[in-house]
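# After the sequence you'll find the predicted model.
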Amino acid sequence: MSEAPQKRRRVQRSPSPGYKLDDDDNYVPYVPVAQRRQEKLAKITSWTANSDRDRARRQKEEMEEQEDAEKEEERRREKARKERTLLMEAQEVHTKKDIEGAYSKKTDYQKAEEADAEILAAIASRRKLASDLELATGVQYTEPLKSSWRPPRYIRERTEEQHKKIREKHHILVDGENIPPPIEHFQDMKIPGSILDFLKTKRITDPTPIQLQGIPTAFAGRDLIGIAFTGSGKTLAFCLPLIMMALEEEAKLPLVRGEGPVGVILCPSRELANQTYENVLAWCEALAKDGRYPHLNTLLCMGGISMGEQSHVLNKGLHIVVATPGRLIDMLEKKKFTFNNCKYLCMDEADRMIDLGFEDDVRNIMSFFKRQRQTLLFSATMPKKIQDFAQQSLIKPILVNVGRAGAANLDVLQVVEYVKQEAKMVYLLECLQKTAPPVIVFSENKNEVDDIQEYLLLKGVEAVAIHGSKSQEERQYAIKSFKSGAKDVMVASGVASKGLDFNDIQHVIIFSMPKEIEDYVHQIGRTGRSGKTGIATTFVNMNTPEQTLLDLKYLLMEAGQKVPPFLASIDDPRAVQGGSLKGCPVCGGLGHGISNCPKLEDTQRRQMASHRAANDAGGGF
Ligand SMILES: Nc1ncnc2c1ncn2[C@@H]1O[C@H](COP(=O)(O)OP(=O)(O)OP(=O)(O)O)[C@@H](O)[C@H]1O
């Protein structure tokens, strides 16, 4: 405000010697044209006085000519300037009209559709999910693996119509060629009695929908994409086929030291790998218990544990490996074991494993396989685009789908509450009163996880915490003490607890709503497992992005849950633009399109970070 008048004053002041204006060093006082002419005329007149009239007249004529020329030149310039301005203005108007015209031809919705199509095309051009060796040599398997397993005759003799009815009864959708029949009783799947007895002790008597179609499909040697709600028993559906395959191999020719594994199960987190490993161990032990079947060796291969502790497993023939990608690649590169005879690859939480973040690791792992394998992908969330991509990479795969991929488990009562940021801690205490323990509290932020645990401990609540920056011992202690019931509350970051199966969680409290709705589905899925019901309370507030709230709103509507008024009042911008309200093909969220997908943004960010890291490291591994 004070700057402008000061400048004006400086221009008005005539420069005095020694007075230096920043930009007026070459200042020449302006003399108007009329004044200059007068001065020249006066000079000429004085010559006239000196009676040199002819010279004066010539000079005057020359001057007038020059003046005329100058005036003419000035007129011409002015005309050109005016013409140019008009032309430019016309052009500007024209261009503006062009742009407006082009834009007015397409609705915002159409433009968004076009942008989405471009992104989808880019994703579709991803390399097939196969090892580099297979891609390079063009090795292509066209037929599924052969299997000696057959369903009982009475099931084989059922008509396709009868199979269809059974699938409809259990809300199972299937897709693929020559789909093996659904089998409603474990006994008919020809599973060893010792395993069935063990399952009974765990109250597992009848197969869940994903099991009754998934297990026969996998037993038949088929590649499989299995999608089913959280807590619906997917682990048994992909572990049992590997146990049976290993059993068959062992029966044919027992494995000796340096041989194996027969198959591998890949998990995206250490906790999940550990949990799956413990399940496999228990089932293999149960199998060998009655002495009729051999003992199968299982190796847990993940960061944070010493492989020395498991040398006794590596000293024998190895049947099953349960692993996280990083440590598995490390072990394979160090030739601790090989995949020369490995023929079963299963990925749990497969959408995470093969989305852009882990894709290269998975390809790397595949390059260690030397023969055809059976590939199985399982998850509760599997967006259409990932399904399509995976389908191209498997051999005549069968899709077994129970409920919409990414839909919430209907056994979970979902409550969404508006809680101001500063009121969350206090309200959390109140929420903990809703049910008896055990309760899980989720936060997206590691520091917040620690803060919540500290606050709860101060308030006398027995709480443990788990997140990615905790040591392996701390993580194991937290899980063990929570599982055993010694601790009432576990505060966890989303990543660290995905897929974990805790007994009878009564209540899940989502302290900070994750950006990706898939994460929300997995988090609330820690309760309401194996047919039991549970409650999930989620805190949202003005920090929660509107798009996330929209995803949440649609998910609640889909699950037939109560939608609170503040969520109900949020309008979908796509509806305003007159577009269709399809779910996002990348993350499955119902409240946004692909161009606003938070998962895609995250993946790109991760990729850029890993490129940066690679560059920083001089392009090394
Ligand atoms: N047929 C069954 N009947 C009853 N309970 C079962 C059955 N199969 C598995 N369960 C139990 O259900 C619980 C959940 O199983 P599991 O962990 O395999 O679920 P999931 O589908 O993998 O879930 P998530 O997607 O969250 O990982 C486990 O405690 C398991 O023992």
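Now that the structure is in, tell me what you want to look at.
# residues in contact with stretch 346-355?
If you take C-beta atoms under 8 Å, 6 or more residues apart in numbering as the criterion, stretch 346-355 is touched by 129, 225, 234-235, 238, 242, 263-268, 272, 276, 325, 358, 362, 375-379, 381-383, 386, 389-390, 498-499, 518, 599, 603. Heads up, the C-betas are built off the backbone N, CA and C, glycines and all.
# Figure out the length between the terminal residues of stretch 295-306.
Start and end residues of stretch 295-306 are separated by 23 Å (C-alpha to C-alpha, to the nearest Å).
# Can you give me the buried ones in it?
Using 16 or more other C-beta atoms under 10 Å as the test for burial, stretch 295-306 gives 296-302, 305.
# ok so, going back, just the contacts of stretch 346-355 that are near the ligand?
234-235, 499 (C-beta under 6 Å from any ligand atom).
# Can you tell me which of these is closest to Ile505?
The closest of these to Ile505 turns out to be Gly499 (C-beta to C-beta; 13.3 Å).
# how about the closest one, phi and psi?
Gly499 has phi and psi values of phi 80, psi 0 when expressed as degrees, to the nearest 10.
# Use 34 as the first number from now on
Sure thing, new numbering starts at 34, so read that last one as Gly532.
# Chain neighbours aside, what residue packs nearest to it?
Leu305 (4.3 Å; C-beta to C-beta, 6 or more residues apart in numbering).
# Surely the one you found is in contact with His555?
No. If you go by C-beta atoms under 8 Å, Leu305 and His555 don't touch, sitting 10.7 Å apart.
# The residue in the stretch 84-233 of the chain positioned nearest to the ligand: what's it in contact with?
Relative to the ligand, the nearest point of the stretch 84-233 of the chain is Leu232 (7.5 Å; C-beta to the nearest ligand atom). Contact analysis of Leu232 by C-beta under 8 Å, 6+ apart lists 219, 238, 269.
# List only those of the residues you listed flagged as buried.
Those of these that meet the buried threshold are 219, 269, by 16+ other C-beta under 10 Å.
# For Leu378, give me its contacts.
Contacts for Leu378 (C-beta under 8 Å, 6+ apart) come out as 296-297, 299, 398-399, 402, 406-409.
# what's the answer for Thr250, then?
212-213, 257, 431, 433.
# any idea how far it lies from the ligand?
16 Å (C-beta to the nearest ligand atom, to the nearest Å).
# Just to be sure, that residue is in a helix?
Yes. Thr250: assigned to a helix according to DSSP: H, G, I helix; E, B strand; the rest coil.
# That one and Glu210: what is the separation?
Distance from Thr250 to Glu210, counting by C-beta to C-beta, to the nearest Å: 12 Å.
# host element of the residue nearest to Gly532?
Taking DSSP states H and E as the criterion, Leu305 maps to helix 303-322.
# next one: Val448
Counting by DSSP H and E, Val448 is part of strand 445-451.
# which residues are there in this protein that come within reach of the ligand?
The chain has residues 235-237, 239-241, 244, 261, 263-269, 413, 532, 534, 558, 562-563 near the ligand, with proximity defined as C-beta under 6 Å from any ligand atom.
# any common contacting residues for Thr250 and Glu210?
Common neighbours of Thr250 and Glu210 (C-beta under 8 Å, 6+ apart) are Ile431.
# Give me the common contacts of Leu305 and His555.
In terms of C-beta under 8 Å, 6+ apart, Leu305 and His555 are both contacted by the residues 531-532.
# Val354 looks like it's in a helix, true?
No. Going by three-state DSSP, the assignment for Val354 is strand, not a helix.
# and it, bridged to which residues?
Note on Val354: beta-bridge partners by DSSP bridges are Val297, Leu332.
# My guess is it contacts Met335. True?
No. Counting by C-beta under 8 Å, Val354 stays clear of Met335, with 10.2 Å between them.
# hmm, back to that, just the buried subset of the residues of the chain next to the ligand, written out for ChimeraX, thanks.
Typed into ChimeraX, the line below selects the buried ones among the residues of the chain next to the ligand, using 16+ other C-beta under 10 Å:
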select :237,240,241,244,261,263,264,265,266,267,268,269,413,532,534,558,562
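# Return the subset of the residues of the chain next to the ligand lying in helices.
Using DSSP state H, the subset of those located in helices is 244, 267-269.
# which of those lies closest to Ile362?
Nearest member of those to Ile362, counting by C-beta to C-beta, is Thr268, at 23.2 Å.
# tell me the contacts of the closest one?
308-309, 312, 381, 534.
# re earlier: mind putting the contacts of Leu232 into JSON lines with distance to Pro287 and pLDDT?
Below are these laid out as JSON lines (distance: C-beta to C-beta, whole Å; pLDDT from 0 to 100):
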{"residue": "Phe219", "distance to Pro287": "27", "pLDDT": "96"}
{"residue": "Thr238", "distance to Pro287": "32", "pLDDT": "95"}
{"residue": "Leu269", "distance to Pro287": "26", "pLDDT": "97"}
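# Reformat the contacts of Leu232 as TSV; add distance to Asp584.
What follows is these, written out as TSV (distance: C-beta to C-beta, whole Å):
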residue	distance to Asp584
Phe219	37
Thr238	37
Leu269	30
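# Please name the residues that touch the closest residue to Asn307 other than its chain neighbours.
Spatial nearest neighbour of Asn307, excluding adjacent residues (C-beta to C-beta, 6+ apart): Leu333 at 6.7 Å. Contacts here follow C-beta under 8 Å, 6+ apart; on that basis Leu333 touches 306-307, 310, 343, 355-356.
# I appreciate the help and will end here.
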